[in-house]
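**Q** Pasted the sequence and its predicted model underneath.
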Amino acid sequence: MQNLIKSSWAQSEPSKKTFRKSLLLWFDQQKRELPWRDNPSLYKTVVSEFMLQQTRVTTMLPYFENWMNQFPDFEILANASEAKILKAWEGLGYYSRAKNLHKLAKIIQNWTEPQKSLDEWKKLPGVGPYIAAAITSISLHQKNAVCDGNVVRVLTRLFSVPEIFKDGATAQKKLLPMAEELICSQRPGDFNQAMMELGATICHRQSPLCTICPVLTLCKSGKEGDCTHYPKILPKKKKKEKINRFWIEEDEKLLLHTSSSGRMAGIYELPSILPGKEAWTDKDLVVLGLRKRTIGMTDYEEKIISPKNLNLSSSVLPEGYTWVPWSEIHSITLSGPHRKWIQELRDLTPSPVKMDLRKNRNQGTK
């Protein structure tokens, strides 16, 4: 990769100057209006970067607005309860981000002034190389280049990088020196945002808008018309997993489960194991639906089922199992997909579901 940098226009000061000028002019004129760019602050930058990890901008926008209304600064966030924080994060997924953001706020609220060192930021909860570079460049004006998936796409196309990377993380690490060669020292934060904005709005993974690209004259693959061949990243093999989810409703209450530790601690879901019985036959069960979702590189197929001849309301439940009254279902923190599934079964078609449940259970007792 170093040889590629040395043999490219990335070593030419006039070319780099032209690239920076063209990119930043385009960014100043065309950048999206985003709430963390309006009256920017260190706090807004930190929250937005945490939320944007593995989440699309359009998805996180309402969460960001709600978050800023509830937790407008580091101090208020630091003093909030974890339950309230997880509730505000509900539906964004990857809840460790919210927990790390909470830990980070507790540290930052005690600072007399912000740390500017990239290495110091990387020591903080939930802050890796990308977030550290983004925060220090955007809010603290430090010359630290970012290299995320968007930047990888832009760089590999600019220079027609032939290397085949084993995964996205490897590509980001190897291409970081090239991003550092290009970054604008006068406007490092704007330059980083411009590179990511270019990847997000022009240099699309499929069907890139090369004809309106502000740096087309410097883009090797764009001029040759083969930019969709880059980046060259080996596809990951997806895993498949099947899970049973139990729907147990008794006395206007629903049985839910949460863990006390791990990444889903404090997040409620329909239980995958019921106390006292782990094996079921088809005749024991009523299938209410099949739902699919993807987390990372795993495709989950989750079957929602209701056992017949089961009464747990008088049982002593193990730790983690809770009867939640329907009147309180909106006040707890459910994982996003599970809240949607529960709402579909409870609200969208409430009568047929309840009737089917009662009918099948009654039949099972004969």
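**A** Ah, there it is. Since this is a predicted model, take the numbers as computed values, not measurements.
**Q** what does stretch 146-154 rub up against?
**A** In this structure, residues lying in contact with stretch 146-154 by CB atoms under 8 Å, 6 or more residues apart in numbering are 130, 133-134, 137, 155, 168, 171-173, 175-176, 179, 192, 195-200, 203, 205, 230-231. The way it works is simple: take the backbone N, C-alpha and C, and place the C-beta from them, glycine included.
**Q** how about the helices of the stretch 151-300 of the chain, start to end?
**A** Here the stretch 151-300 of the chain has its helices, by DSSP state H, counting those that start in this stretch, at 168-182, 188-201, 220-224.
**Q** Which of those helices sits closest to L104?
**A** With CB to CB as the measure, helix 188-201 is the member of these nearest L104 (19.3 Å).
**Q** tell me which residues in the closest one are buried?
**A** 188-200 (16 or more other CB atoms under 10 Å).
**Q** Any regions of the stretch 151-300 of the chain where pLDDT drops low?
**A** Residues of the stretch 151-300 of the chain meeting the criterion pLDDT under 70: 262, 276-282.
**Q** export the helices of the stretch 151-300 of the chain to CSV and tack on distance to I212?
**A** As requested, those are arranged in CSV below (distance: least, CB to CB, whole Å):
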stretch, distance to I212
helix 168-182, 21
helix 188-201, 10
helix 220-224, 11
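**Q** Spatially nearest residue to P72 (excluding sequence neighbours)?
**A** Leaving out its chain neighbours, the residue that sits closest to P72 by CB to CB, 6 or more residues apart in numbering is Y43, at 7.9 Å.
**Q** Just the element for that neighbour, please.
**A** Using DSSP states H and E, the element containing Y43 is helix 42-52.
**Q** give me every residue that touches S96.
**A** Per CB under 8 Å, 6+ apart, neighbours of S96: 126, 263.
**Q** actually A132, sorry about that
**A** Contacts of A132 by CB under 8 Å, 6+ apart are 118, 121-122, 144.
**Q** Of all pairs in those residues, which one spans the longest distance?
**A** K122 and N144 (10.6 Å).
**Q** Just want to know which of these two has more residues nearby.
**A** Each of K122 and N144 has its neighbours counted (other CB atoms under 10 Å); N144 has more, 25 against 14.
**Q** Quick check: phi and psi at that one.
**A** phi -120, psi 120 (degrees, to the nearest 10).
**Q** ok, and the closest non-adjacent residue to it?
**A** Counting by CB to CB, 6+ apart, N144 lies nearest to A133, which is 4.1 Å off, once chain neighbours are set aside.
**Q** can you tell me the helix or strand for the one you found?
**A** helix 129-138.
**Q** Off-centre distance for that helix?
**A** Taking CA atoms, centre = their mean, to the nearest Å, one finds helix 129-138 lying 17 Å from the centre of the chain it belongs to.
**Q** Check the secondary structure at the spatially most central residue of the chain for me.
**A** Nearest to the centroid of the C-alpha atoms of the chain, with distances taken as CA atoms, centre = their mean, sits Q54, at 3.0 Å. Here Q54 is coil, with the state taken from DSSP: H, G, I helix; E, B strand; the rest coil.
**Q** Offset the numbering so it begins at 413, please.
**A** In the new numbering, first residue 413, that becomes Q466.
**Q** would you put the C-alpha positions of stretch 470-484 in CSV?
**A** Provided in CSV are the C-alpha atoms of stretch 470-484 (Å, rounded to 0.1, in the frame of the first residue of the first chain):
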residue,chain,number,x,y,z
THR,A,470,-32.2,8.3,8.2
THR,A,471,-32.8,5.7,10.9
MET,A,472,-31.0,7.6,13.6
LEU,A,473,-32.3,11.1,13.0
PRO,A,474,-35.4,10.8,15.2
TYR,A,475,-33.4,9.1,17.9
PHE,A,476,-30.9,11.9,17.9
GLU,A,477,-33.6,14.5,18.3
ASN,A,478,-35.2,12.6,21.1
TRP,A,479,-31.9,12.0,22.8
MET,A,480,-30.9,15.7,22.7
ASN,A,481,-34.3,16.6,24.3
GLN,A,482,-33.8,14.1,27.1
PHE,A,483,-30.0,14.4,27.6
PRO,A,484,-28.8,17.8,26.3
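**Q** follow-up on the earlier one: tell me which of the contacts of A544 fall in helices.
**A** Counting by DSSP state H, the part of the contacts of A544 found in helices is 530, 533-534.
**Q** Just give me the closest of those residues to L498.
**A** W533 (24.2 Å).
**Q** mind checking how far the residue nearest to that closest one when sequence neighbours are not counted is from Q423?
**A** Closest residue to W533 apart from its sequence neighbours, by CB to CB, 6+ apart: A544 at 3.9 Å. Using CB to CB, to the nearest Å, one obtains 26 Å as the distance from A544 to Q423.
**Q** what does I660 give?
**A** Counting by CB to CB - I660 and Q423 are separated by 66 Å.
**Q** Between the two, which has more neighbouring residues?
**A** Taking other CB under 10 Å, I660 and Q423 do not tie; I660 has more neighbours (21 against 11).
**Q** how distant is stretch 479-498 from the center of its chain?
**A** Using CA atoms, centre = their mean, the offset of stretch 479-498 from its chain centre is 19 Å.
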